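In: Based on what follows, work out the 3D shape:
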Amino acid sequence: MAIRKPAIKYTKLFINNQFVDSISGKTFRTINPATGEVLGSVSEAGQADIDAAVNAAKNAFKFDAPWRTMLPKERGNLMYKLASLIERDHQYIASLETVDNGQPYSGIFNDMQFVIDVFRYYAGWCDKIRGSTIPVGGDDGAFAYTRKEPIGVVGCIIPWNFPMLMLSWKLGPALAAGCTVVLKPSELTPLTALYFGSLVVEAGFPPGVVNIVPGYGPTAGEPIAYHPDVNKIAFTGSTQVGKLVARAAAESNLKRVSLELGGKSCLVVYDTPDLAKAAEIAQFASFFNQGQNCTAGSKIFVHEEIYDEFLAKAKELTAARKTGDPFDEATMHGPQIDQKQLTKVLDLIQSGVDEGATLEVGGKGEFKEGFFVNPTLFSNVNQDMKIAQEEIFGPVQMVFKFSTLEEVIEQVNNTKYGLASGIITSKMDRALAYVNRVNAGSLWINCYDNVMPQVPFGGFKQSGFGRELGEESLKEYLEVKSVICRPVPT
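Out: Numbering: from 1, shown residues only. Next up is the predicted model:
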């Protein structure tokens, strides 16, 4: 059962298995986006706190430290226990994230199950990470083999749109590989990450393995990215900030980097025996989490033969989406994360109107409190319009008309991004032709945003590089060492 007013139990930095005030004594407020209510004041990490967290992670990674000497199976058991603790506190964590993030509780409750599944998936990998033997020829008994070793201290910087999901996507593979972690959650949504720190202690992880330092990008994220003792950065966020992270990694110690960045994704509705179902899939693609989703399918391309019927259904469904209290079971649509994001979305909606697109449904609306905007539907959108080119990160769906597969593939690929795309069709040859030619990291056929722990996820082009989830993600946290052995000369 949802907890409308969950207790705020942890607001301090989590370093070396202890909750501590920031060295500066600075704090920042975290706000419920549905009401504007201040939930609490959270310790703000700065350079000195980042240094302390990195030092704790570095010490925990020493060869004789408990984390490095425990058996892989034991590491997996800790991760299984951590997953079980999240499962035990499932409702509380989902409720805490609802008040801090604003996504409807029903969606966040499902997110928590995915978090549990991710940690259990990677727990199973702990004793299955192995190298290989390599033939080197000759009869002298020489042989070669590879070792896969943890890369070291990992700096993880995660966004506000899916706080616990993004935490699990980073920490799952990092911990399975044997790394230690300094995690910076977004300053907009720090509460569930800090509560997670308490579960790390309860599960029995050694001090320093996981450190959590909420704060702002320039004063906490940047010091992590530039830190000489951080061996890798795993970042999820905007393409603009991702470029700064990559620069910091290059200018400091050439640390490894994986980036999951922005997107401007499309869903193609070509033909379907169930147009209503296709329209529902498109609703999920565009409006899930208020459109605050890097894979949001905001551009819906519909074949000309079914365009009018689809648009009418899309208009009906968009107008019927209930916006409001995230804890109300009937609510499908919560607030944007803050006033800044709300203003950005409203400005982009207005730009669509100003440039001549047809506003079918939605727009600002009248709300007494919170950062709400109604789900919005545009038709008659041109590809060169601002709303068609920029990542809105808000609840805006655009419906385009197309005639041929070749035409729509060209339009879908006409973007600097390449994170995701989807197609709805009853013809598998058409679907395969589409997925083979679209430049994106994730393609969905007759579904959308169907993400699973075992399936890799990541982008092409300016949507980033590296992969999250699946076996592929483990490679981001491992170094490969080659060993060549020959007999002692006699």
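In: Check the closest residue in space to Ser442 that isn't next to it in sequence and give its pLDDT.
Out: Of all residues not flanking Ser442 in the chain, Ala420 sits nearest, at 4.3 Å (C-beta to C-beta, 6 or more residues apart in numbering). C-betas here are computed from N, CA, C, even on glycine. At Ala420, the pLDDT value in this model is 98.
In: could we number from 32 for the rest of this?
Out: In the new count, where the first residue is 32, that last one comes out as Ala451.
In: For Ala451, give me its contacts.
Out: By C-beta atoms under 8 Å, 6 or more residues apart in numbering, the residues touching Ala451 are 294, 296, 326, 328, 471-475, 480, 490.
In: Generate a PyMOL selection restricted to the buried subset of the residues you listed.
Out: Buried subset of the contacts of Ala451, written as a PyMOL selection, criterion 16 or more other C-beta atoms under 10 Å:
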select buried, resi 294+296+326+328+471+472+473+475+480+490
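In: With the flanking residues excluded, which residue is spatially nearest to Leu206?
Out: Met110 is the one closest to Leu206 (C-beta to C-beta, 6+ apart), at 6.0 Å.
In: so when I look at that neighbour, I'm seeing a helix, right?
Out: Yes. Under DSSP: H, G, I helix; E, B strand; the rest coil, Met110 falls within a helix.
In: Sketch out the low-pLDDT regions of the stretch 32-181 of the chain for me.
Out: Across the stretch 32-181 of the chain, nothing is flagged by pLDDT under 70.
In: Please enumerate the helices of it.
Out: Remark: helices assigned in the stretch 32-181 of the chain by DSSP state H, counting those that start in this stretch are 78-91, 97-100, 103-119, 121-132, 136-154.
In: Report the buried residues of the second one.
Out: Okay, so that is helix 97-100. Trp98.
In: what do you get for the longest one?
Out: By neighbour count with 16+ other C-beta under 10 Å, helix 136-154 contains the buried residues 136-140, 142-143, 145-154.
In: do the same with the third one
Out: Of all the residues in helix 103-119, those buried under the rule 16+ other C-beta under 10 Å are 106-114, 116-117.
In: Distance to Cys516 added to the residues you listed, as TSV?
Out: Shown next, in TSV, are the buried residues of helix 103-119 (distance: C-beta to C-beta, whole Å):
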residue	distance to Cys516
Arg106	27
Gly107	29
Asn108	33
Leu109	33
Met110	33
Tyr111	35
Lys112	38
Leu113	38
Ala114	39
Leu116	43
Ile117	43
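In: where do the helices sit along the stretch 332-481 of the chain?
Out: 338-351, 370-385, 417-420, 436-443, 459-468.
In: Name the residues that touch the shortest one?
Out: Meaning helix 417-420. Contacts of helix 417-420 (C-beta under 8 Å, 6+ apart): 295, 330, 379-380, 382-383, 386, 388, 409, 412-414, 427, 429, 446.
In: hmm, 10 Å instead?
Out: 295, 329-330, 378-386, 388, 407, 409, 412-414, 423, 427, 429, 431, 442, 445-448 (C-beta atoms under 10 Å, 6 or more residues apart in numbering).
In: likewise stretch 380-393?
Out: Residues outside stretch 380-393 that contact it (C-beta under 10 Å, 6+ apart) are 342-343, 345-352, 354, 394-395, 404-413, 415-419, 421, 423, 425-430.
In: Around Glu441, count how many other residues there are.
Out: 12 (other C-beta atoms under 10 Å).
In: I should have written Lys36 there, sorry.
Out: 11.
In: That one against Val130, yeah?
Out: Yes. Using C-beta atoms under 10 Å, Lys36 is in contact with Val130, at 7.6 Å.
In: which residues are common contacts for the two?
Out: With C-beta under 10 Å, 6+ apart as the test, Lys36 and Val130 both reach 63, 68, 70, 358.
In: Now compare the residues you listed and name the two farthest from each other.
Out: Taking C-beta to C-beta as the measure, those span a maximum distance of 14.5 Å, between Leu70 and Phe358.
In: Would you mind measuring from Gly425 to Ala205?
Out: As judged by C-beta to C-beta, to the nearest Å, Gly425 and Ala205 stand 31 Å apart.
In: same deal with Ala76?
Out: Going from Ala76 to Ala205 by C-beta to C-beta gives 19 Å.
In: Neighbour count for the two, which is higher?
Out: Between Ala76 and Ala205, counted using other C-beta under 10 Å, the more crowded position is Ala76 (31 against 27).
In: and Gly294, what helix or strand is that in?
Out: Gly294 belongs to no helix or strand when assigned by DSSP states H and E.
In: What is the burial count for the nearest residue to it once chain neighbours are set aside?
Out: For Gly294, ignoring the flanking residues on the chain, the nearest one in space by C-beta to C-beta, 6+ apart is Leu450 at 3.3 Å. By other C-beta under 10 Å, 26 other residues sit near Leu450.
In: What residues does Leu450 make contact with?
Out: 291-296, 325-327, 422, 471-473, 488-495.
In: In strands, which of those residues appear?
Out: 291, 473, 491-492, 495 (DSSP state E).
In: Let me know the closest of these to Arg461.
Out: Ser473 (18.7 Å).
In: thinking again about what came up before, how about the shared contacts of Lys36 and Val130 in a markdown table, adding neighbour count and distance to His121?
Out: Listed next are the shared contacts of Lys36 and Val130 as a markdown table, based on neighbours: other C-beta atoms under 10 Å; distance: C-beta to C-beta, whole Å:
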| residue | neighbour count | distance to His121 |
| --- | --- | --- |
| Asn63 | 20 | 20 |
| Glu68 | 12 | 24 |
| Leu70 | 19 | 20 |
| Phe358 | 18 | 16 |
